[in-house]
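Q: quick one: sequence and predicted model below, then my questions.
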Amino acid sequence: MAKSGRVSARTLLAAVRAILLVVPLFGVLSFAIGAEASAEQDASAKQAIASVEEMISGLESDNSEGAADSFSRVKKWWTANKKTVKASSLDLSLEIDRQIANLSLALLNGEMQRAADEAGALRFSLRNYEDGAYTGNDGKGRMSLGAYVLKLRGAADLMKGERWTEAQEEVRLLQRQWLSVEGDVVSRSQTVYNHAERDLVLMDAYLTNPSQRGQAFPVAQRMIESLNPLVDASYSWIDAALIPLREGLEALLVVGTLLLYARKSESGRAKNWVVGGSVAGVLASIGIGLAVSLLLSSGAFGRNNSLINGWTGVLASLLLLYVSYWLHRNSDAKRWGQFLKNESVRAMTNGKMASLGLLAFFAIVREGLETVIFLVGMVGKLPAGELLGGIAAGFGVLGVCALLMIRLGTKLPIRPVFLVSSVIVFYLCFKFMGSGVHSLQMAGALPAAVHDYLPEYGEIGLFPSWYSTLPQLLFVLAAVSVLVFRRLSGASGRSERKAKIIKTPIDVE
């Protein structure tokens, strides 16, 4: 039975490694193949944008003949593609139609400045069409980062004009649409990504509180300034590789620690539960992620994604708190030996087994869902071969890290392995709680109340809200209490043993 359990565990481990690498590649490859159908349309849009840019250059240099020649190519493109654009978005079609009519009138009247302004607006509309970010986006279409920044500027203008209700509605729409563009941001800068998520909640919180509304505009300006440099950024295979590395590292630490514990305890059933939970998490992430990207939209799914991230983060945090305590408690070699002796007599309860699988599932889903959406969102932004190579490289590095973590962990003594693991798991517990509550605030499930006197460091899940800070403080107090209690218990035990050693010779006499 033990041998079959080990074989089963190896088989499951091999399966999860294959799924982690092959299924994401298959999903993104299928989406990439589907995207090839619109390649000619994108190339056509690029030509139109190039003609508009030539026209703008001609207008700025007072070359009216060159501008008119470029404009004639734009009108020719519009005649050939008007039906296609109209089928994609009636609003966008009407807007481009109006801009071309205004351009024609401005050029006819010799109003070069007005023509330049209209040409700039037309260029922006064509870029939105190329990206799939349709004008008036209500969450049903894709959203480019450029369009998102433009909407953010509109929200900032509403704040500047003290139109607080409209500004708050726009900010909450931006929160829902954040998932459409956060992949572009996180692939370029993790710091900007963390600060942008913080600022989205801060703006909502300030606009909710009448006494803090004046602080919302500077936050919007700060966010615009941080996102602007990323609007025209290009992508490479390295960016595709960094997405699974950034998003998957924390999940890897959780699952790796659970597998390490299962190996140390020589429990094949525990290993099977962890692997099973991981496989279920990977499949759920891929299924939901592809459904959102292909069938729904990341903009429309934005609030639901925040809810998933929030609740899985909070639940995983609570489970990790227990795992951290358990690892620290069993770091003593004698206590671990006693545990193994007890477990050899009676197997672990199904409840404890299920909790391991559930924790692995939560950890994977929390990071995996966004990973799939981000990767699918990069389709069309770089060649398919380069994208797939980057994804393979990212998951390959994750696989190597997982293998090294488990192999090295099983060869080291119990005490340092469990002590270091308990610290890592507690850190993840702390961070998951903070970021989970933050996601729930972005989804509107919790009030977006912030306080300037609270510390803020998004990289470790620390946000200036009592909703996240209070449970984190309780976690820290619980950890300190356990350490103090164990230290005092250890000192008391040593004193008793020393007293027995001193007393023994007298009793013998």
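A: All right, it came through fine.

Q: so where is the stretch 51-200 of the chain shaky, pLDDT-wise?
A: 91, 128, 131-143 (pLDDT under 70).

Q: and the pLDDT at the closest residue to Arg366 other than its chain neighbours?
A: Closest residue in space to Arg366, ignoring its immediate chain neighbours: Thr312 at 4.3 Å, by C-beta to C-beta, 6 or more residues apart in numbering. (Each C-beta comes from the backbone N, C-alpha and C, glycine too.) Note on Thr312: pLDDT of 77.

Q: didn't Thr312 look like it was pressed against Met433?
A: No. With contact defined as C-beta atoms under 8 Å, Thr312 does not count as touching Met433 (11.6 Å).

Q: tell me which of the two has more neighbours.
A: Neighbour count, other C-beta atoms under 10 Å: between Thr312 and Met433, Met433 has more, with 25 against 22.

Q: which residue sits closest to the more buried one, ignoring its sequence neighbours?
A: Nearest non-adjacent residue to Met433 (C-beta to C-beta, 6+ apart): Ser317, at 3.9 Å.

Q: ok, now Glu54?
A: Spatial nearest neighbour of Glu54, excluding adjacent residues (C-beta to C-beta, 6+ apart): Ser70 at 4.2 Å.

Q: swap in Val450?
A: Ala205 (4.3 Å).

Q: from Asp452, how far off is that neighbour?
A: Note on Ala205: its distance to Asp452, by C-beta to C-beta, to the nearest Å, is 11 Å.

Q: and the two? which has more neighbours close in?
A: Between Ala205 and Asp452, Ala205 has the larger neighbour count (other C-beta under 10 Å), namely 22 against 9.

Q: thought Val186 was touching Arg246?
A: Yes. Between Val186 and Arg246 there is a contact under C-beta under 8 Å: 6.5 Å.

Q: who has more neighbours, the two?
A: Under the criterion of other C-beta under 10 Å, the comparison of Val186 against Arg246 puts Val186 first, with 22 against 17.

Q: my guess is the residue nearest to Met433 contacts Gly436, does it?
A: Yes. The criterion here is C-beta under 8 Å, and Ser317 meets it with Gly436 at 6.2 Å.

Q: spatially speaking, which residue is in the middle of this protein?
A: The centroid of the chain falls nearest to Glu370 when counting by C-alpha atoms, centre = their mean (4.9 Å).

Q: can you tell me the closest non-neighbouring residue to that residue?
A: Excluding the flanking residues, the one nearest Glu370 by C-beta to C-beta, 6+ apart is Glu247, at 6.0 Å.

Q: pLDDT score for the one you found?
A: Glu247 is assigned a pLDDT of 76 by the prediction.

Q: dihedrals phi and psi, Val372?
A: Main-chain torsions, Val372, degrees, to the nearest 10: phi -60, psi -50.

Q: I should have written Tyr457 there, sorry.
A: Torsion angles at Tyr457 (phi, psi; degrees, to the nearest 10) stand at phi -150, psi 90.

Q: what bridges to it?
A: Beta-bridge partners for Tyr457, by DSSP bridges, are Leu462.

Q: what about the helices in the stretch 151-300 of the chain?
A: For the stretch 151-300 of the chain, applying DSSP state H, counting those that start in this stretch gives helices covering 164-186, 190-208, 216-227, 237-264, 268-290.

Q: just want the angle from the fourth one to helix 190-208.
A: Taking axes from the mean of the first three to the mean of the last three C-alpha atoms, to 10 degrees, one finds that helix 237-264 is oriented at 90 degrees with respect to helix 190-208.

Q: what helices and strands are in contact with helix 237-264?
A: helix 164-186, helix 268-290, helix 302-329, helix 350-377, helix 384-411, helix 414-443 (3 or more C-beta pairs under 8 Å, 6 or more residues apart in numbering; DSSP states H and E).

Q: that older thread, and the residue nearest to Glu54, how far from Leu245?
A: Counting by C-beta to C-beta, the gap from Ser70 to Leu245 is 44 Å.

Q: following the helix or strand encompassing Ala80, which helix or strand shows up next?
A: Using DSSP states H and E, Ala80 sits in helix 64-88. Following helix 64-88 in sequence order, the next helix or strand is helix 90-108 (DSSP H and E).

Q: ok and that following helix relative to helix 64-88, angle-wise?
A: Angle, helix 90-108 to helix 64-88, by the same axes, to 10 degrees: 160 degrees.

Q: good, we can wrap up now.
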